[in-house]
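K.L.:
no sequence on hand, only this structure:
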């Protein structure tokens, strides 16, 4: 299975009363189906997975599976603190027709999450999972990064497909690529370092920015893949301001508001995430005013 290209970690829409708005999710996916995106990640960090209960997670998976185009690869975020629960969720995603699972590092008992504990956790999940797994290193949320030596120990497992490395550290990405076999797929989670990461061997990205600006992100990937360095550099510079504003500074509420501005359904996030202020909304609109013509015209 090749996970090359740009995958949006889809947002989870909520209705006014806070309940899941699965019809809105399916409307978003119907629109994404017409883009150059090769697939979708559900219930990842941008999907507010940690704010959903188990039933809601499975309902999101089922609704997305129903709406996704037949040619789209589906990845379910299944990682939780417990190894056993991660296995259960991964195999439930498999039963619903998902192609792979994104499994983050357990992190609550941080002092005990040694390299040995990380390796054992991922190997147990990979042994029991009925679909391939993608390691997920997101230290800005977990406080733990999977380093190259640990990834190299896991990369030989037949059911470990690759890694989503979200630190934004190109040196770490480079070290992981150098330490792992050629078939091991490294995707990045930071649009601000997408082109440098692709240049050193990453095969794609799982980018929150792609929820709002999928074509722009896909165009950057394709320019890099085609060897058009000038175009790729230009596009890389253009994705930085919206990534810094929507993703890094404002977080999921910022991503969702940008989606609202561009015709997708973003809507509210769940508490404790706060809604944007009116001033913050104007900031998002100003950034979009600069970048949207670029994404629409390709110039």
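P.N.:
Okay, I see it. Keep in mind the model is a prediction, meaning the values are calculated, not measured.
K.L.:
now do the helices in the stretch 151-299 of the chain.
P.N.:
Remark: helices assigned in the stretch 151-299 of the chain by DSSP state H, counting those that start in this stretch are 170-179, 194-199, 209-212, 214-225, 229-242, 251-261, 278-297.
K.L.:
what is the shortest one packed up against?
P.N.:
When contacts are defined as 3 or more Cβ pairs under 8 Å, 6 or more residues apart in numbering; DSSP states H and E, helix 209-212 sits against helix 214-225, helix 229-242, helix 251-261. Where C-beta positions appear, they are placed from N, C-alpha and C, glycine not excepted.
K.L.:
can you give me the buried ones in the second one?
P.N.:
When burial is assessed from 16 or more other Cβ atoms under 10 Å, helix 229-242 yields the following buried residues: 231, 232, 235, 236, 238, 239, 240, 242.
K.L.:
can I get the helices and strands packed on helix 209-212 in a markdown table with mean pLDDT and distance to residue 125?
P.N.:
Converted to a markdown table, the helices and strands packed on helix 209-212 look like this (pLDDT from 0 to 100; distance: least, Cβ to Cβ, whole Å):
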| stretch | mean pLDDT | distance to residue 125 |
| --- | --- | --- |
| helix 214-225 | 97 | 28 |
| helix 229-242 | 97 | 32 |
| helix 251-261 | 98 | 26 |
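K.L.:
quick one: which two of the buried residues of helix 229-242 are the most distant?
P.N.:
Greatest spatial distance among the buried residues of helix 229-242 (Cβ to Cβ): 231 and 242, at 18.1 Å.
K.L.:
quick one: low-confidence parts of the stretch 51-200 of the chain?
P.N.:
For the stretch 51-200 of the chain, applying pLDDT under 70 flags no range at all.
K.L.:
please enumerate the strands of it.
P.N.:
Taking DSSP state E, counting those that start in this stretch as the test, the strands found in the stretch 51-200 of the chain are 73-77, 100-104, 133-137, 160-165, 185-188.
K.L.:
in a markdown table, list the ones you listed along with mean neighbour count.
P.N.:
Formatted as a markdown table, the strands of the stretch 51-200 of the chain follow (neighbours: other Cβ atoms under 10 Å):
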| stretch | mean neighbour count |
| --- | --- |
| strand 73-77 | 26 |
| strand 100-104 | 28 |
| strand 133-137 | 26 |
| strand 160-165 | 27 |
| strand 185-188 | 26 |
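K.L.:
closest to residue 40 out of these?
P.N.:
Ranking the strands of the stretch 51-200 of the chain by proximity to residue 40 (Cβ to Cβ) places strand 73-77 first, at 6.0 Å.
K.L.:
run a quick neighbour tally on residue 65.
P.N.:
By other Cβ atoms under 10 Å, 18 other residues sit near residue 65.
K.L.:
mind listing what residue 59 touches?
P.N.:
Neighbour list for residue 59: 20, 22 [criterion: Cβ atoms under 8 Å, 6 or more residues apart in numbering].
K.L.:
next one: it from residue 254, what distance?
P.N.:
To residue 254, residue 59 is 25 Å away according to Cβ to Cβ, to the nearest Å.
K.L.:
returning to what we had before: between the buried residues of helix 229-242, which sits nearest residue 6?
P.N.:
residue 239 (10.7 Å).
K.L.:
hmm, residue 191 and that closest one touching each other?
P.N.:
Yes - counting by Cβ atoms under 8 Å, residue 239 does reach residue 191; the two are 4.8 Å apart.
K.L.:
what touches both of the two?
P.N.:
Taking Cβ under 8 Å, 6+ apart as the criterion, residue 239 and residue 191 both touch 209, 217.
K.L.:
now the residue nearest to residue 95 when sequence neighbours are not counted: how far from residue 76?
P.N.:
Among residues not flanking residue 95 along the chain, residue 130 sits closest, at 7.9 Å (Cβ to Cβ, 6 or more residues apart in numbering). Distance from residue 130 to residue 76, counting by Cβ to Cβ: 12 Å.
K.L.:
surely residue 251 touches residue 273?
P.N.:
Yes - between residue 251 and residue 273 there is a contact under Cβ under 8 Å: 6.8 Å.
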